[in-house]
Structure formats: C-alpha cells, structure tokens
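Enquirer: What follows is a protein structure lacking sequence information:
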C-alpha cells in the first residue's frame, strides 16, 4: 500500500508575488535595510548569501521565488535562486509523475 500526501500529486502554489529580479540566469532577491540603496547593490552587510535550489519545476513556478523573498526578509540577507533547467522543467520530472501516478493505484491511501 502506498501513502501519498495530496499536495505531493496535485501541487500547491504559494500565495504572494515575487519581489526580486531575474539576473544572469538566476532569480535574485536583494535584502534592503532601511536607508540602503535600492540600485541592485548587494546589501547583506557582506555576512551571508543564501543559494536556494529549486525542485524539478525550476523557476517556472513562482514558489521558489516567493520562498527566496521570505528567507531574505526573515534572515536579512540576499538570496540567489539559479535557473538550473534553462527556463524549463526537468525531463526527470515527467518520469517521476509517471511513477507517482502508477503508484496511486486503487490501493493507495492519502495521509
């Protein structure tokens, strides 16, 4: 018997709109403290930068961008999300969905 979460198969889009920009093949959220320049200059006091990797959907889905914004705001640092799939989703994702759907036979249960 296979147990799957409903969102594992149907997906879920996070609320909110991305605040960062796409630069050189990556989504970039720049944390700006009060009074900091908003001209794209890194502002994280030089202490930390988060590199957030996406799932198989890549940057086509807004979720990694919204997560990057949330991490940057809460941790007060810049966040970089590279576009690892060149604007597309990975082919492996299609294979994964095939096996997930196959696993969801009549004996599958949701948790």
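Expert: The structure has been received and is ready for your questions. Quick caveat: nothing in here was measured; it's all calculated off a predicted structure.

Enquirer: thinking residue 29 is in contact with residue 23, fair?
Expert: No - using C-beta atoms under 8 Å, residue 29 makes no contact with residue 23, being 10.6 Å away. For every residue, glycine as well, the C-beta is placed using N, CA and C.

Enquirer: Between those two, tell me which one has more neighbours.
Expert: residue 29 (25 against 11; other C-beta atoms under 10 Å).

Enquirer: who's that one bridged to?
Expert: residue 79 (DSSP bridges).

Enquirer: Next up, the contacts around it.
Expert: By C-beta atoms under 8 Å, 6 or more residues apart in numbering, the contact set of residue 29 is 18, 19, 20, 65, 68, 69, 71, 72, 78, 79, 81.

Enquirer: Compare those and tell me which has the most neighbours.
Expert: residue 79 (27 neighbours).

Enquirer: list the contacts for it?
Expert: Here residue 79 is in contact with 20, 28, 29, 31, 49, 50, 51, 52, 68, 69, 71, 72 (C-beta under 8 Å, 6+ apart).
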